[in-house]
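>>> Okay, here's the prediction I keep looking at, along with the sequence it came from:
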Amino acid sequence: MLYCVEMEVNIPETWDEEKIKDYITREQATSQKYQKSGEWVYLWRVAGQYSNISILNVESPDELHKILTELPLFPYMDITVKSLCKHPNAIRESMI
Ligand SMILES: O=C(O)CC1=CCC(=O)O1
């Protein structure tokens with residue numbers, strides 16, 4: 001199942017640089033684990049915003065939930081999930 005996920009990051013203003021660095025390092029490790037497994041297919045920064053657009057290819061909504069809640073920054077992100085299916089007018093097969 002394909003999902004488009006938008007994650008808007010809201011780091012609390014009270015965090016110091018060390019704490020921010022720690023979260024970002026652990027966030028990277030978690031997302032790269034799923035990028036390497038092939039479940040996290042694309043990760044794009046939204047230009048000019050502290051947010052990303054990601055495409056995930058996972059077995060189920062439960063698996064998507066498991067991955068998203070494993071992210072250290074999960075409690076500090078506003079997340080929007082959209083389920084994707086084929087567009088009838090698409091001229092290319094999905095590369096995923
Ligand atoms: O967009 C961000 O910086 C938050 C994030 C989610 C996965 C990741 O690697 O970073």
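Cool, the structure landed.
>>> For this structure, what lies in contact range of the ligand?
Taking Cβ under 6 Å from any ligand atom as the contact definition, the chain meets the ligand at 7, 9, 27-28, 31, 52, 71, 73. For every residue, glycine as well, the C-beta is placed using N, CA and C.
>>> Now, those residues that are in strands?
Of the residues of the chain next to the ligand, the ones assigned to strands by DSSP state E are 7, 9, 52.
>>> wait, which of those residues is closest to the ligand?
Closest to the ligand out of those is residue 52 (3.6 Å), distances taken as Cβ to the nearest ligand atom.
>>> Let me know the pLDDT of that closest one.
For residue 52, the pLDDT comes out at 98.
>>> ok, now which ones touch it?
6-7, 9, 43-46 (Cβ atoms under 8 Å, 6 or more residues apart in numbering).
>>> Neighbour-wise, which one of those leads?
residue 7 (23 neighbours; other Cβ atoms under 10 Å).
>>> My guess is it contacts residue 56. True?
No. Assessed by Cβ atoms under 8 Å, residue 7 is found out of contact with residue 56, at 11.1 Å.
>>> who's in contact with stretch 13-21?
Contacts to stretch 13-21, defined as Cβ under 8 Å, 6+ apart, come from residues 11, 23.
>>> mind checking which helix or strand residue 33 is in?
If you go by DSSP states H and E, residue 33 is part of helix 17-37.
>>> in that helix, what counts as buried?
Within helix 17-37, the residues that count as buried by 16 or more other Cβ atoms under 10 Å are 23, 27, 30-31, 34-35.
>>> other SSEs contacting the following helix or strand past it?
Next helix or strand after helix 17-37 toward the C-terminus (DSSP H and E): strand 40-45. Applying 3 or more Cβ pairs under 8 Å, 6 or more residues apart in numbering; DSSP states H and E, one finds that strand 40-45 makes contact with helix 17-37, strand 51-57.
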